[in-house]
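Asker: no sequence on hand, only this structure:
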């Protein structure tokens, strides 16, 4: 593979400037590097569904953001091709959640990521598998 022309930090900075949805969700990046991303957020009342637990779409969106930051860290514009999620336990308002994306496969055109969301007790909340398509364009 070709040497990366921009750093993961430059890629993340460029992405975050334009990513209003990640800002709106309140996602905070803790660690970021080649093929991985760790972030956290606090669950708010606005994220609750009709059963007073977190809406699955919030968990999906937070995982999808972590996927985007991890798969684009190589400097190659990558977009989600496929994703699936398993919800393991309910989450209440006020809980702090951590989301960690790890690259498990990097090919010329396809990359695959394991994204796990855990609560403050380090219990698994949801498991997300994301597949990304790597274009021929650079992110920055």
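Answerer: That came in fine, so what should we check first? The structure presented is a predicted model; accordingly, all values stated were derived computationally and were not measured.

Asker: from here on, just use CA atoms for contacts and neighbour counts.
Answerer: Fine.

Asker: mind listing what's buried along the longest strand along the chain?
Answerer: When the chain is parsed with DSSP state E, its longest strand is strand 124-138. Buried residues in strand 124-138, defined by neighbour count with 16 or more other Cα atoms under 10 Å: 124-134, 138.

Asker: which strands and helices sit next to it?
Answerer: With contacts taken as 3 or more Cα pairs under 8 Å, 6 or more residues apart in numbering; DSSP states H and E, strand 124-138 sits against helix 56-71, strand 76-87, strand 110-118.

Asker: angle of the shortest one against strand 124-138?
Answerer: Read it as strand 110-118. Here strand 110-118 runs at an angle of 150 degrees relative to strand 124-138 (axes from the mean of the first three to the mean of the last three Cα atoms, to 10 degrees).

Asker: what stretches of the protein score poorly on pLDDT?
Answerer: 1-3 (pLDDT under 70).

Asker: check contacts around the spatially most central residue of it.
Answerer: Taking Cα atoms, centre = their mean, the centroid of the chain lies closest to residue 66, which sits 1.2 Å from it. Counting by Cα atoms under 8 Å, 6 or more residues apart in numbering, residue 66 makes contact with 37-39, 99-101, 115.

Asker: and those, which is closest to residue 90?
Answerer: residue 99 (15.3 Å; Cα to Cα).

Asker: count of neighbours near the closest residue in space to that closest one that isn't next to it in sequence?
Answerer: In this structure, residue 99 finds its nearest non-sequential neighbour in residue 117, 4.3 Å apart by Cα to Cα, 6 or more residues apart in numbering. Each residue near residue 117 was counted by other Cα atoms under 10 Å, and the total is 25.
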